[in-house]
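Enquirer: Make a model of this:
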Amino acid sequence: MTHVQSTWPRARSLGLIILALSVLMAGCASRPSPNTASTKAKDWVGFTQKGQASYYGSKHQGKKTASGEPFKQELKTAAHKTIPFGAMVKVTNVENDKSVVVRVNDRGPFVSGRIIDLSSSAFNAIGSTEKGVLKVEIEVIK
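Expert: Numbering: from 1, shown residues only. Presented below is the predicted three-dimensional model:
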């Protein structure tokens, strides 16, 4: 009598592993991370981040931003390290729940713990520039 070993248990295990990896990969692909190379703002909608916000000093007024447009303190704009130019970001001060919507047009900040640099008009909409930095949560909305 010849003994034939069944490959069914191994094939079933492999199928379950492939299914689990597919589910994990689908979850990872649904929302970009700060390291995502996508330059389309729509791909970033729903991205959130918590950290500190700072603001541009007056010495930056009129200087060219990384997007090429001149910086204007009176506009609601911001700098972020990776969110694409043109993306609209809701910035919420977690201490008073005030929010402002800004358009990303520059890169930065490059200070540890800071996640976004705001124009002074945007910063003043959610807190006082006398504080210098605010604890915020940001969310890409458009």
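
Enquirer: can you map out the strands along this structure?
Expert: 48-55, 77-79, 88-93, 99-106, 114-118, 134-140 (DSSP state E).

Enquirer: Residue 39: which of those is closest?
Expert: Comparing the strands of the chain by their distance to residue 39 (C-beta to C-beta), the top pick is strand 99-106, with 11.3 Å. From N, CA and C alone the C-beta is placed, and that goes for glycine too.

Enquirer: Would you mind listing the buried residues in that closest one?
Expert: Along strand 99-106, these residues count as buried under the neighbour rule (16 or more other C-beta atoms under 10 Å): 100, 102, 103, 104, 105, 106.

Enquirer: now, which of the residues you listed sits nearest residue 64?
Expert: When the buried residues of strand 99-106 are compared for distance to residue 64 (C-beta to C-beta), residue 106 wins out at 9.3 Å.

Enquirer: What's the separation between residue 79 and residue 45?
Expert: For residue 79, the distance to residue 45 (C-beta to C-beta, to the nearest Å) stands at 19 Å.

Enquirer: Of those two, which one has the most company?
Expert: Here residue 79 and residue 45 are compared on neighbour count by other C-beta atoms under 10 Å; more neighbours surround residue 79, at 25 against 15.

Enquirer: isn't the more buried one right up against residue 67?
Expert: No - Residue 79 lies out of contact with residue 67 (C-beta atoms under 8 Å); the separation is 9.6 Å.
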